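1. got a sequence here, can you build the structure:
(2 chains)
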Amino acid sequence: MSIRVRFAPSPTGDLHVGGARTALFNWLMARKLGGTFILRVEDTDGARNTAEAAAGIIKGMRWLGLDWDEGPEAGGDCGPYFQSQRKDIYDAYFKRLEDAGRVYAEADGAMRFKFSRTAITVHDLVCGDVTFAPTEEPDMTIRRPDGSYIFHFVNVVDDIEMRMTHVLRGEDHLSNTWKHIDLFNAFGATPPTYAHIPLILNPDGSKMSKRDEGSAIEHSYMNAGFLPAAVFNYLCMLGWTPKAESEKLSREELTALFDADAIHSSNAKFDLKKALWFNAQYLRELSPEGLLENGRRFLSAAGLTWEDDAVAAAAVYSVREKVSLLTELPEWVHYFFREDYPFEADVVTKLKAKPENAGLLKAAAEQLAQAAEWTEQSVHDAVEAAAKALSVKPGAMMPLLRFALSGQSRGPGVTTIAHLIGKEKTLGRIQRALGEVMGV
RNA sequence: GACCCCUUCGUCUAGCGGUUAGGACACAUCCCUUUCACGGAUGCGACACGAGUUCGAUUCUCGUAGGGGUCGCCA
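-> Numbers count the residues shown, from 1 in each chain, chains lettered A, B, ... in the order given. Reported below is the predicted structural model:
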C-alpha cells in the first residue's frame, strides 16, 4: 500500500518556517516512497482564518516547489480540501459518536467528547513509544455551540476520511496525540503512524513564531533575496541529517536520502548565517541568465533599467561570488546601468590623495583610447603598457581605474568592468572622474 | 502545578561501550590577489551534573538541573 501524508496548515497568517519544514518533510516522504502528498486547509475557525492567509500559504509552498497531489487547485477524491466546506462529513461522524454515547452537551450547547480514560500509547517514528496515563483532564470540546467543529475532531475525521497512513507534524502536537488516538479508537479506525518532528527555535532558544525574524517564508525569504533551493536545503538540515558527504544537496538527492526514522528528537535553533551560506552557494551556481532572472525584480525595485539582457546578465554574473542575497545585487552592479553613479566618500579621498593620480589616469585613458579591439585582455594589456611607460606597477593604476569606472572601492575585476561597459563609456567615465572628482 | 519530549564545540550536527570525540556554519590567522569576495591551509572550540551497570562510559539505567512543549468553545 502506498503511503498518504498531508500538510494541514491553519490559514491564520503567512507560511512559517516551522510549517514549511513540516510540509517539506511530508513532501520528501511522499516523493521518496512514491506516495501521495495532500494539502488540507484547516480553516474551521472562521474568526481567525482568512482567504488571504490561505493564498499566502499556497504561494509559499509553490515557491519552495512543494507540489501536492491532492488539495486546493489540485483536486482529488477526498475533497473538498478546505475544512470549512466539509461540515456534512463532520456531522455524520459526530452522529456516530453520539450514537455510541461518547458525546454530551454543555449548558450553552457546546458538545464534549468523553475520553476513554485508559492508558494510551503513541507509536512515534521519532519519539518511540510514548505512553500517557489515563487522563484526568476534562473531556474535550469537539463542537461549538454554533455547530462548527474543533481541531482535534476535524483533524482526526479528515485523517480517517483521507486515509492518511502517516502523520508528520510538529512536536507541539505530541502531548495531544493521545486525544486523537482516543478519537480514532472511538471511530473504530486505525491511527496513522506518527512522527513528531522537533521544533525550530529562535537563536535565543525561544519558540519561533510568526513575529520572529526569519520566520515568515514570503517576507523573510521570497522577498529577502533567497533562492528556493537554498531555503529548501537549509530547512532540511534543521532536525534531520542526511547520510551524505556534503550538507549541500539537491532536491533530488534529499528526496532519495530522506528517512523519517532519522529525524532528530531534539529541537534546533535557527541560524541565519548558515542559511545565508547556503544561499550564497546556490547563487554562485546560477548561469548568467539564471542569476538575472532571479535577480530581476530586485534590480528593478532599485530603479535600475537596461536595454540588453545579455549585458545585464553578464553584470550580475560578475559579482555572483560577492553576494549572499539577491537583494545585495543592486549595490554591487548599479554602475553598470547608469553613468551618473555616485562616488563613495573614501573613493573621492583616495582619488585626491596623491597628486600623481591624475597623471596615471590620463595615461591609462590615452593608452586605452588606442586599443584596436575591446576585450578583457586588450584592456589589461593597455593598462599594463601605460603603467610600464610611467615605470609604475599595473597595481598602482588598477585601483584608480576601479574608482573612476565604478565610484566604488570594491567590485569585480577592473578589466571585466571596462570590457562590459565598453570603450566609449570607459573613456567617458575616466574623464568624468578627472573632471568632477579631481578637478583637472 | 501536572504530564510529555529533549540535552555533544557559539549554532546545526556525526557518534549508536574502547575514537587524538569527526564535519559544516560562524570566528581568527596565513596563502592567493589590482579591490571586495571566492578558493586553499591552519587554528579556536563540546560530551550539563551526580550516581549506578561495566574491565571500560559521550554512548546503557536512574536521579538532578536546564531547555522546549501540552494541559482552549486556537490550530
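2. what are the ranges of the strands in chain A?
-> A:4-7, A:36-39, A:103-105, A:111-113, A:120-124, A:128-132, A:140-143, A:166-170, A:193-197, A:200-201, A:268-269 (DSSP state E).
3. let me have these in CSV, extended by mean pLDDT, distance to A:T177 and mean neighbour count.
-> From N, CA and C alone the C-beta is placed, and that goes for glycine too. Below are the strands of chain A laid out as CSV (pLDDT from 0 to 100; distance: least, CB to CB, whole Å; neighbours: other CB atoms under 10 Å):
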stretch, mean pLDDT, distance to A:T177, mean neighbour count
strand A:4-7, 98, 15, 24
strand A:36-39, 98, 19, 23
strand A:103-105, 97, 20, 14
strand A:111-113, 98, 15, 20
strand A:120-124, 96, 5, 17
strand A:128-132, 94, 8, 12
strand A:140-143, 97, 13, 20
strand A:166-170, 97, 9, 21
strand A:193-197, 97, 6, 22
strand A:200-201, 94, 20, 21
strand A:268-269, 96, 21, 15
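4. turn those strands into JSON lines, including distance to A:I160.
-> Formatted as JSON lines, those follow (distance: least, CB to CB, whole Å):
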{"stretch": "strand A:4-7", "distance to A:I160": "12"}
{"stretch": "strand A:36-39", "distance to A:I160": "13"}
{"stretch": "strand A:103-105", "distance to A:I160": "17"}
{"stretch": "strand A:111-113", "distance to A:I160": "15"}
{"stretch": "strand A:120-124", "distance to A:I160": "17"}
{"stretch": "strand A:128-132", "distance to A:I160": "21"}
{"stretch": "strand A:140-143", "distance to A:I160": "14"}
{"stretch": "strand A:166-170", "distance to A:I160": "12"}
{"stretch": "strand A:193-197", "distance to A:I160": "14"}
{"stretch": "strand A:200-201", "distance to A:I160": "29"}
{"stretch": "strand A:268-269", "distance to A:I160": "32"}
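5. dump those into TSV; add distance to RNA strand B as well.
-> Shown next, in TSV, are these (distance: least, CB to the nearest atom of the strand, whole Å):
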stretch	distance to RNA strand B
strand A:4-7	11
strand A:36-39	13
strand A:103-105	10
strand A:111-113	8
strand A:120-124	8
strand A:128-132	4
strand A:140-143	4
strand A:166-170	8
strand A:193-197	7
strand A:200-201	6
strand A:268-269	3
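6. A:Q85: which of the ones you listed is closest?
-> Checking the strands of chain A against A:Q85 by CB to CB gives strand A:36-39 as the closest, at 14.1 Å.
7. ok, the residue nearest the centre of chain A - contacts?
-> Geometric centre of chain A, nearest residue: A:V231, 3.9 Å, by CA atoms, centre = their mean. Under the criterion of CB atoms under 8 Å, 6 or more residues apart in numbering, the neighbours of A:V231 are A:20, A:64, A:217, A:221, A:275, A:278-279.
8. quick one, which of the strands of chain A gets closest to A:P72.
-> Closest among the strands of chain A, using CB to CB: strand A:36-39, at 6.2 Å.
9. so which elements touch the closest one?
-> strand A:4-7, helix A:17-33 (3 or more CB pairs under 8 Å, 6 or more residues apart in numbering; DSSP states H and E).
10. 10 Å - rerun?
-> If you count contacts as 3 or more CB pairs under 10 Å, 6 or more residues apart in numbering; DSSP states H and E, strand A:36-39 packs onto strand A:4-7, helix A:17-33, helix A:51-64.
11. any residue of stretch A:428-440 touching RNA strand B?
-> No: interface with RNA strand B: stretch A:428-440 contributes nothing (CB under 7 Å from any atom of the strand), its closest point being 14.5 Å away.
12. quick one: mean pLDDT over that stretch.
-> Across stretch A:428-440, pLDDT averages out at 93.
13. and stretch A:353-364, by the same measure?
-> If you average the pLDDT over stretch A:353-364, you get 95.
14. mind listing what's buried along that stretch?
-> For stretch A:353-364, burial by neighbour count (16 or more other CB atoms under 10 Å) applies to A:357-358, A:360-361, A:363-364.
15. same list (the helices and strands packed on strand A:36-39) but as JSON lines, adding distance to A:G407.
-> Below are the helices and strands packed on strand A:36-39 laid out as JSON lines (distance: least, CB to CB, whole Å):
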{"stretch": "strand A:4-7", "distance to A:G407": "48"}
{"stretch": "helix A:17-33", "distance to A:G407": "38"}
{"stretch": "helix A:51-64", "distance to A:G407": "35"}
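16. was I right about A:A262 contacting A:V126?
-> Yes: shown here, A:A262 and A:V126 form a contact pair, counting by CB atoms under 10 Å, at 9.2 Å.
17. which one's more surrounded, those two?
-> Higher neighbour count among A:A262 and A:V126: A:V126, with 19 against 14, using other CB atoms under 10 Å.
18. just to revisit the earlier point, tell me which of the buried residues of stretch A:353-364 is nearest to A:M29?
-> Of all the buried residues of stretch A:353-364, A:M29 sits closest to A:A364, with 61.0 Å by CB to CB.
19. mind listing what that closest one touches?
-> Listed by CB atoms under 10 Å, 6 or more residues apart in numbering, the contact partners of A:A364 are A:379, A:382-383, A:385-387, A:390, A:394, A:397-398, A:400-401, A:404, A:414, A:418, A:426-427, A:430.
20. extract the CA atoms of stretch A:103-115 and return them as PDB.
-> The C-alpha coordinates for stretch A:103-115 follow below in PDB (Å, rounded to 0.1, in the frame of the first residue of the first chain):
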ATOM      1  CA  VAL A 103     -20.700  12.900  23.500                       C
ATOM      2  CA  TYR A 104     -22.700  15.100  25.700                       C
ATOM      3  CA  ALA A 105     -23.800  18.700  25.700                       C
ATOM      4  CA  GLU A 106     -22.700  21.600  27.800                       C
ATOM      5  CA  ALA A 107     -25.200  24.200  29.100                       C
ATOM      6  CA  ASP A 108     -24.500  26.500  26.200                       C
ATOM      7  CA  GLY A 109     -24.800  23.800  23.600                       C
ATOM      8  CA  ALA A 110     -21.100  23.000  23.100                       C
ATOM      9  CA  MET A 111     -20.500  19.300  22.700                       C
ATOM     10  CA  ARG A 112     -17.800  17.300  24.500                       C
ATOM     11  CA  PHE A 113     -16.200  14.000  23.700                       C
ATOM     12  CA  LYS A 114     -16.000  11.500  26.600                       C
ATOM     13  CA  PHE A 115     -12.400  10.400  26.900                       C
END
